[in-house]
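K.L.:
Return a 3D structure for these sequence lines:
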Amino acid sequence: FLKIDIGYHRAGVDVAQDESRAIHLARRMTESKSIRFLGIYSHSGHGYTASNRDEAIKISDEECDRAAAFAQRLKDRGIQCPAVSVGGTPSCGSSSKFPGVTEIHPGNYVRDPSKIYGLSGFRKSYLSILLSGLL
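P.N.:
Residues are numbered from 1 along each chain as shown. Below you'll find the model as predicted:
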């Protein structure tokens, strides 16, 4: 996977600031005899800055839009991008729609949705919504 940065600014190639580099890396990966390019991967860790569910959904929507758009730009240049993988605990725990994405990685949310309680303004009422969705 090619790790892309679409907002967290901790790891990956920033496709907004240096798209040509990201495309170049993806092309090199597809041409490599040593690896098989499976697609792109992003992590919306900045979702922890959301103060409520609507903000977390907005971050998730932006991540999906940006990742899907970059995957399309790869395809437009003849680079197959089988997987578009996005996620993070707050975004995956808040949203139920992931347009243009083939895979989500929800982090801690799958095992323990209480991990997001207490972070950046998430309240007990939000946690109860999450838990009821699991039951």
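K.L.:
all contacts plus neighbour counts: C-alpha atoms, from now on.
P.N.:
OK.
K.L.:
which regions of this structure lie under the pLDDT threshold?
P.N.:
107-135 (pLDDT under 70).
K.L.:
Residue nearest the middle of it, spatially speaking?
P.N.:
V86 (2.5 Å; Cα atoms, centre = their mean).
K.L.:
My read is that F1 contacts S42, right?
P.N.:
No. F1 is beyond contact range of S42, at 9.6 Å (criterion: Cα atoms under 8 Å).
K.L.:
When these two are compared, which one has more neighbours?
P.N.:
The neighbour comparison of F1 against S42 (other Cα atoms under 10 Å) goes to S42, with 27 against 17.
K.L.:
my guess is that one meets H9, correct?
P.N.:
No. Counting by Cα under 8 Å, S42 sits too far from H9 to count as a contact (10.7 Å).
K.L.:
so where do the helices sit in this structure?
P.N.:
Shown for the chain, the helices assigned by DSSP state H span residues 19-31, 53-76, 89-94, 124-134.
K.L.:
ok so, going back, beta-bridge partners for the residue nearest to the centre of the chain, please?
P.N.:
I104 (DSSP bridges).
K.L.:
please begin residue numbering at 31 from this point
P.N.:
From this message on, residue numbering opens at 31, which makes the last subject V116.
K.L.:
ok, now which ones touch it?
P.N.:
Y71, S72, H73, S74, E93, C94, A97, V131, E133, I134, H135 (Cα atoms under 8 Å, 6 or more residues apart in numbering).
K.L.:
Turn these into JSON lines, columns for distance to E49.
P.N.:
Converted to JSON lines, those look like this (distance: Cα to Cα, whole Å):
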{"residue": "Y71", "distance to E49": "15"}
{"residue": "S72", "distance to E49": "14"}
{"residue": "H73", "distance to E49": "17"}
{"residue": "S74", "distance to E49": "18"}
{"residue": "E93", "distance to E49": "15"}
{"residue": "C94", "distance to E49": "17"}
{"residue": "A97", "distance to E49": "12"}
{"residue": "V131", "distance to E49": "19"}
{"residue": "E133", "distance to E49": "22"}
{"residue": "I134", "distance to E49": "22"}
{"residue": "H135", "distance to E49": "23"}
